[in-house]
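S.K.: Mind folding the following:
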Amino acid sequence: MLMSAWLDERRRPWRRESSTDRLPDRPASGPDADQRLDVLSLLAGLPPRRRAVLVLRYFCDLSVEETAQALGCSEGTVKSQAARALESLRARLTEGDPQWI
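M.R.: Numbers count the residues shown, from 1 in each chain. Here you go, the predicted structure:
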């Protein structure tokens, strides 16, 4: 198990956090309000179950298992609903503004 974890970390060096001694000169800009509204409208266009899966998985940061328990469905259903929801969002984004692509 330790060997697998070590190999896994070596394969994903970008996941390591790096710290610096200096603070940034200015704070990072927050999310654009227009983009936030666009994302919210795209989410509102999804069926309720798919929207719930995306919110629980990616906003609330729940695992597949935790999402399945929260929604009272199987893990396979969570995976398929998430995949279909993301596919639908990608399709709608490519139809719209090219800055999202």
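
S.K.: report the longest helix in the protein, please.
M.R.: Among the elements of the chain assigned as helix by DSSP state H, the one spanning the most residues is helix 75-95.

S.K.: Please point out which parts of it sit buried.
M.R.: Of the residues in helix 75-95, those with enough neighbours to count as buried (16 or more other Cβ atoms under 10 Å) are 77-78, 81-82, 85-86, 88-89, 93. Placement of C-beta: from N, CA and C, glycine included.

S.K.: Please convert those to CSV, extending it with pLDDT.
M.R.: What follows is these, written out as CSV (pLDDT from 0 to 100):
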residue, pLDDT
Thr77, 95
Val78, 95
Gln81, 96
Ala82, 95
Ala85, 94
Leu86, 93
Ser88, 92
Leu89, 90
Leu93, 81
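
S.K.: any idea which of those residues is closest to Glu65?
M.R.: Within these, proximity to Glu65 (Cβ to Cβ) peaks at Val78, which comes in at 8.4 Å.

S.K.: Please report how far that closest one lies from Gln35.
M.R.: For Val78, the distance to Gln35 (Cβ to Cβ, to the nearest Å) stands at 26 Å.

S.K.: next one: Thr77
M.R.: Using Cβ to Cβ, one obtains 30 Å as the distance from Thr77 to Gln35.
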